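> The sequence and its predicted three-dimensional model are supplied below.
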Amino acid sequence: MALSGLDIYKLLPKTNCRECGFPTCLAFAMQLAKKAVALNKCPYVSLDAKAALEEASLAPIRLVTIGVDKKIELGNETVMFRHEEKFHHPSAIGIIIEDSLSDKEIDEKINKINRLKFERVGQELEVNLVAIKQNLDKKRFVEVVKKLADKTKLEFVLISSDISSQREALALIANRRPLIHPQGKDNMQDFAKLAKEFKVPLVVCASSLEETSNITKDLKKDGLEDLILDTSDKPLSRKIWDLTQIRRLALKKKERSLGYPTLAIVNERDPYTEVIKAADYISKYASIVLLHAAEPWQILSLLTLRQNIYSDPQKPLQIEPKIYPVGLANEKSPVLVTTNFSLSYYTVLGEVEASKIPSYIMSVDTEGMSVLTAWAAEKFTADKISSSMESFGIKDLVSHKRLIIPGYVAVMSGDLEEKSGWQVIVGPKEASGIPSFLKNLK
Ligand code: SF4
């Protein structure tokens, strides 16, 4: 939690000597709180004060990275609830592949995982991790790690309680900075040495928060801080309680020993319940969720949920305001106008595409607001639309002068006709009405 200027002032010498370039220690403290100046500008800060200020400037939940090519950043969260600010680093979603599957099954599963890419409201959505879980001997585990390393660019989690198997697997893929999961707390110190040796992040396994806290304190003393917390497999409600308490204690009580990203594994074979549990963990603070599910219907629903939770609530998803041709739009094509809120645009786009009638969609800059909100906020007005038509040069694209507006803002049609000089046609209120509307348009 960041310190206020007054908190910082209490730690300064209070001599007002001006050597930092500020007239008083308080003025310097205020600038320090805003991160507008460096602490070393004051030559008289005591070592204790320096340590306290540096500790206070650390993020309450450590930022941990996994992987290299498709590097995943986790942690660094600052709030309990999304509306307070925003969540910073989306939960990583990983799919478990067990080494007891046959080679054919592994090939099929990894091919399926590699194809789990979707586009939604202009963003690419995909899973982040492949978690290789050891069920058989070292030889098989290492063989599967090697096989998958050649078959996917996704980042890895290595799940094995056998230190020797982990060591051989790391010898192959440590340069991809996988996460190692020891599946239990028994060999924690040995795993810590391994993580240090290969410079990879480590999952701390423990069954309670107290135990977790004790382990991370010991590991921190040994200089190991790239940690992820897993409070083991337990019923859903207890696991969510753990995840929530870890977040709360790290943010509200500044409990540094719990200030790390978290991990939850879904051990549930019913395909529907598995997705529901994974969704619960994404919603309630798991930084990594691992599951067996790999069907598109399962993963798309989780990716959609994650996208919604991790978008900035104060900054709607927006597209560039401009004219978008749909299909082979030509000079006779209809022109529809909407806002630059991603969801509005992509909903209209989907329906225009479904109509199979080449068209132009003009997206007006409403700062990412939807049609009715923008209209109520006076961001989607006759003036704004007509000036956008002018600046986008719509008259150079079509030979007619007819503009289709959303049904919900029919009230502006007279004003817009006057301001733009175009005939305004009131379209349907709901985007779902667009295909039949366009087909019946004369
Ligand atoms: S140099 Fe340090 S002691 Fe002097 S005024 Fe600045 S903050 Fe205060």
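Yep, it's here.
> what's the next secondary structure element after the helix or strand bottoming out on mean pLDDT in the chain?
For the chain, scoring each helix and strand by mean pLDDT, DSSP states H and E identifies helix 47-57 as the least confident one, at a mean of 80. Reading on from helix 47-57 to the C-terminus, the next helix or strand found by DSSP states H and E is strand 64-66.
> Residues contacting the least confident helix or strand of the chain from elsewhere in the structure, which ones?
M1, A2, L3, D7, I8, L11, L12, L32, L39, V45 (C-beta atoms under 8 Å, 6 or more residues apart in numbering). Just so you know, the C-beta spots here come from the backbone N, C-alpha and C atoms, and that holds for glycine as well.
> do that again at 6 Å, thanks
The list of residues contacting helix 47-57 from outside it, by C-beta atoms under 6 Å, 6 or more residues apart in numbering, reads L3, L11, L39.
> Tell me, what's the model's pLDDT at the second one?
Yep, that's L11 we're talking about. The per-residue pLDDT reported for L11 equals 90.
> swap in V79?
As summarised for this prediction, V79 has a pLDDT of 91.
> Can you check which helix is longest in this protein?
As assigned by DSSP state H, the longest helix anywhere in the chain is helix 236-252.
> Where does the most centrally placed residue in the chain fall, secondary structure wise?
What sits nearest the mean C-alpha location of the chain, by C-alpha atoms, centre = their mean, is P90, with 2.7 Å. In this structure, P90 is located outside every helix and strand according to DSSP H and E.
> who touches it in this structure?
Applying C-beta under 6 Å, 6+ apart as the definition, the contact partners of P90 turn out to be R306, Y310.
> Against G75, how distant is it?
The gap separating P90 from G75 is 12 Å, by C-beta to C-beta, to the nearest Å.
> What parts of the stretch 1-150 of the chain come near the ligand?
If contact is defined as C-beta under 6 Å from any ligand atom, the residues of the stretch 1-150 of the chain in contact with the ligand are 12-13, 15-20, 22, 25, 28, 42, 44.
> number of nearby residues for the residue of the stretch 201-350 of the chain found nearest the ligand?
For the stretch 201-350 of the chain, the residue positioned closest to the ligand under C-beta to the nearest ligand atom is K254, at a distance of 24.9 Å. Residue crowding around K254 was assessed by other C-beta atoms under 10 Å; the count is 14.
> how far is the least confident helix or strand of the chain from where the chain is centred?
The chain centre lies 31 Å from the centre of helix 47-57; the measure is C-alpha atoms, centre = their mean, to the nearest Å.
> before we move on, what about stretch 313-333?
Taking the mean of its C-alpha atoms, stretch 313-333 sits 25 Å from the chain's own mean (C-alpha atoms, centre = their mean).
> where does the stretch 1-150 of the chain dip in pLDDT?
Counting by pLDDT under 70, the stretch 1-150 of the chain has low-confidence residues at 1-2, 57.
> Apply 80 and report the result again.
For the stretch 1-150 of the chain, applying pLDDT under 80 flags the ranges 1-3, 34-36, 54-59.
> Quick one: the strands in it, in order.
Assigned by DSSP state E, counting those that start in this stretch, the strands in the stretch 1-150 of the chain fall at 64-66, 72-74, 92-98, 117-120, 123-126, 129-133.
> I'd like the residues of the stretch 1-150 of the chain next to the ligand as JSON lines, with neighbour count appended.
Compiled in JSON lines, those are given as follows (neighbours: other C-beta atoms under 10 Å):
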{"residue": "L12", "neighbour count": "22"}
{"residue": "P13", "neighbour count": "13"}
{"residue": "T15", "neighbour count": "11"}
{"residue": "N16", "neighbour count": "14"}
{"residue": "C17", "neighbour count": "12"}
{"residue": "R18", "neighbour count": "12"}
{"residue": "E19", "neighbour count": "12"}
{"residue": "C20", "neighbour count": "23"}
{"residue": "F22", "neighbour count": "18"}
{"residue": "C25", "neighbour count": "23"}
{"residue": "F28", "neighbour count": "24"}
{"residue": "C42", "neighbour count": "22"}
{"residue": "Y44", "neighbour count": "13"}
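> and those residues, which of them are in helices?
When DSSP H is applied, these are split such that C25, F28 fall in helices.
> Out of the residues of the stretch 1-150 of the chain next to the ligand, flag the one nearest to E155.
When those are compared for distance to E155 (C-beta to C-beta), C42 comes out closest, at 42.1 Å.
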